[in-house]
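In: need a 3D model of the following:
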Amino acid sequence: MESIARYLMLAGIVLFFIGGGMYLAAKFGIPLGRLPGDIRIEGENGSFYFPVTSSILVSVILSILFNLISKFWNK
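Out: Numbers count the residues shown, from 1 in each chain. This next block holds a predicted model:
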């Protein structure tokens with residue numbers, strides 16, 4: 001039960017930093033979600049939005065961040 005609590009706390013910390021990063025991105029005017037390559041189709045009856053470029057950018061940043069954390073965690 002103790003290990004589950006650690007993972008939940010770690011997940012909470014990670015979500016806190018992701019939320020803070022998104023807040024700062026919006027505060028400094030970084031157009032996350034409105035980058036070139038994000039797909040937006042608007043019609044009469046509805047709309048479809050798929051942030052391809054934003055997803056790739058977030059994936060690269062998180063991969064770099066988690067690799068750095070794992071290098072320092074294993075020492």
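In: from now on I want contacts and neighbour counts done on CA atoms only, so please keep to that.
Out: Will do.
In: and what about the spatially most central residue of the chain, helix, strand or coil?
Out: Most central in the chain under Cα atoms, centre = their mean is residue 58, positioned 4.9 Å from the mean C-alpha point. Secondary structure state of residue 58, per DSSP: H, G, I helix; E, B strand; the rest coil, is helix.
In: tell me how far it lies from residue 42.
Out: Separation of residue 58 from residue 42 (Cα to Cα, to the nearest Å): 24 Å.
In: how is the chain divided into domains?
Out: 1-30, 31-75 (automatic domain parsing).
In: possible to save those as TSV with mean pLDDT?
Out: Shown next, in TSV, are the domains of the chain (pLDDT from 0 to 100):
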stretch	mean pLDDT
domain 1-30	88
domain 31-75	88
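In: which stretches in this structure count as helices?
Out: Listed in chain order, the helices of the chain (DSSP state H) span residues 2-27, 52-73.
In: pull the shortest one out as PDB, backbone CA atoms only.
Out: Translated: helix 52-73. Provided in PDB are the C-alpha atoms of helix 52-73 (Å, rounded to 0.1, in the frame of the first residue of the first chain):
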ATOM      1  CA  VAL A  52      -0.900  17.200 -34.000                       C
ATOM      2  CA  THR A  53       2.100  19.600 -33.700                       C
ATOM      3  CA  SER A  54       1.300  20.600 -30.200                       C
ATOM      4  CA  SER A  55       1.200  16.900 -29.200                       C
ATOM      5  CA  ILE A  56       4.500  16.200 -30.800                       C
ATOM      6  CA  LEU A  57       6.100  19.200 -29.100                       C
ATOM      7  CA  VAL A  58       4.800  18.200 -25.600                       C
ATOM      8  CA  SER A  59       5.900  14.600 -26.200                       C
ATOM      9  CA  VAL A  60       9.500  15.700 -27.000                       C
ATOM     10  CA  ILE A  61       9.700  18.000 -24.000                       C
ATOM     11  CA  LEU A  62       8.300  15.300 -21.600                       C
ATOM     12  CA  SER A  63      10.700  12.700 -23.000                       C
ATOM     13  CA  ILE A  64      13.700  14.900 -22.400                       C
ATOM     14  CA  LEU A  65      12.400  15.800 -18.900                       C
ATOM     15  CA  PHE A  66      11.700  12.200 -17.900                       C
ATOM     16  CA  ASN A  67      15.100  11.100 -19.300                       C
ATOM     17  CA  LEU A  68      16.900  13.700 -17.200                       C
ATOM     18  CA  ILE A  69      14.900  12.800 -14.100                       C
ATOM     19  CA  SER A  70      15.600   9.100 -14.600                       C
ATOM     20  CA  LYS A  71      19.400   9.800 -14.900                       C
ATOM     21  CA  PHE A  72      19.400  11.700 -11.600                       C
ATOM     22  CA  TRP A  73      17.100   9.200  -9.900                       C
END
